[in-house]
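S.K.: next input, structure requested:
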Amino acid sequence: MNQNEDLCEIHHPHPDKVQDALLHRLDDETSLRLAELFKILGDRTRIKLLSLLAAEEEMCVCDIAQSLQMGQSAISHQLRVLRSARLVKFRKEGKEAWYSLDDDHVVKLINQGLEHVRES
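M.R.: Numbers count the residues shown, from 1 in each chain. This is a model prediction of the structure:
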């Protein structure tokens, strides 16, 4: 495979395409925040956890831990990461901590990702 195969063989920018691209280019702060979100989503345990919550709406930490065959402290750590990214929310009921997805955007992210990986 030629190293330059994926490059233009001539330098001939298309001003209309460049102008349109500039209108849609993400600013540094937004691109950084989006990259951080994808880093958080780039963990298999967190993806499994989010997919459980997408299916069950709300689960307590002990049910999540048992479902994923992991310890509660490991699950709790992952839930804190997801909570700091505003992907999940929790409520206390007595001595139980109940978690759910923060909003419908998270369900859409999971479903879009699943659709993409299942395409082939």
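S.K.: which parts of stretch 87-101 are buried?
M.R.: Along stretch 87-101, the positions that meet the burial threshold by neighbour count (16 or more other CB atoms under 10 Å) are 87-88, 90, 97, 99-101. Where you see a C-beta, it was placed from the backbone N, CA and C, and this is true even at glycine.
S.K.: measure it end to end?
M.R.: For stretch 87-101, the first and last residues are 6 Å from each other (CA to CA, to the nearest Å).
S.K.: can you give the distance of it from its chain's centre?
M.R.: The chain centroid and the centroid of stretch 87-101 are separated by 19 Å under CA atoms, centre = their mean, to the nearest Å.
S.K.: which other residues reach that stretch?
M.R.: The list of residues contacting stretch 87-101 from outside it, by CB atoms under 8 Å, 6 or more residues apart in numbering, reads 40, 50, 53-54, 57-62, 64, 79, 82-83, 102, 106-107.
S.K.: go with 10 Å
M.R.: Contact partners of stretch 87-101, identified using CB atoms under 10 Å, 6 or more residues apart in numbering, comprise 37, 40-41, 46, 49-50, 52-54, 56-64, 72, 75-76, 78-83, 102-103, 105-107, 109-110.
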